[in-house]
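Participant: Turn this into a model:
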Amino acid sequence: MSIRLVCPLCRTTVTDGSEEPVPGSCPGCGAVYDGGGTSPLEAVTTALSSWGRADDPATYLGDLFRIDPDDPTAEAAIASDEREGFYRWWVFRR
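Facilitator: Here you go, the predicted structure:
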């Protein structure tokens with residue numbers, strides 16, 4: 001199975017292969033990413049906890065879905081990876 005994850009902030013391919021993506025940073029723009037949740041809320045909760053942020057996950061998630069990731073001033077964005085079957089969600093933050 002091929003798993004592909006693309007940074008929503010700069011469109012750089014972060015991972016492309018058979019191994020599960022792991023938290024890290026985008027090689028294109030340097031945004032950190034975390035999550036890997038089976039739902040957007042799970043991904044945000046995991047990412048915020050990993051980053052030591054006390055933001056409310058539901059509020060943060062709502063904000064992410066209102067952000068245009070193509071806006072060069074966007075500080076964060078959410079994306080799902082591409083794979084056969086069930087995909088996972090990832091949060092990217094500049």
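Participant: Could you find the closest non-adjacent residue to the residue sitting furthest away from the middle of the chain?
Facilitator: Relative to the centre of the chain, the most outlying C-alpha is that of residue 1, 20.2 Å out, by Cα atoms, centre = their mean. Once flanking residues are discounted, residue 1 sits nearest to residue 84: 5.3 Å by Cβ to Cβ, 6 or more residues apart in numbering. Placement of C-beta: from N, CA and C, glycine included.
Participant: So what's the residue count around the one you found?
Facilitator: 8 (other Cβ atoms under 10 Å).
Participant: Provide the secondary structure category for it.
Facilitator: With DSSP: H, G, I helix; E, B strand; the rest coil as the basis, residue 84 sits in coil.
Participant: Roughly how far does it sit from residue 16?
Facilitator: 14 Å (Cβ to Cβ, to the nearest Å).
Participant: quick one: the residue farthest from the centre of the chain and residue 42, what's the gap?
Facilitator: For residue 1 relative to residue 42 (Cβ to Cβ), the value is 21 Å.
Participant: And for residue 27?
Facilitator: Distance from residue 27 to residue 42, by Cβ to Cβ: 25 Å.
Participant: one step back: quick one: contacts for the residue farthest from the centre of the chain?
Facilitator: Residue 1 sits next to 18, 83, 84, 85 when contact means Cβ atoms under 8 Å, 6 or more residues apart in numbering.
Participant: Only the buried subset of these, as a ChimeraX command please.
Facilitator: Typed into ChimeraX, the next command selects the buried ones out of the contacts of residue 1 (criterion: 16 or more other Cβ atoms under 10 Å):
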select :83
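Participant: The contacts of residue 1 into JSON lines, with extra columns for distance to residue 49?
Facilitator: Shown next, in JSON lines, are the contacts of residue 1 (distance: Cβ to Cβ, whole Å):
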{"residue": "18", "distance to residue 49": "28"}
{"residue": "83", "distance to residue 49": "24"}
{"residue": "84", "distance to residue 49": "29"}
{"residue": "85", "distance to residue 49": "26"}
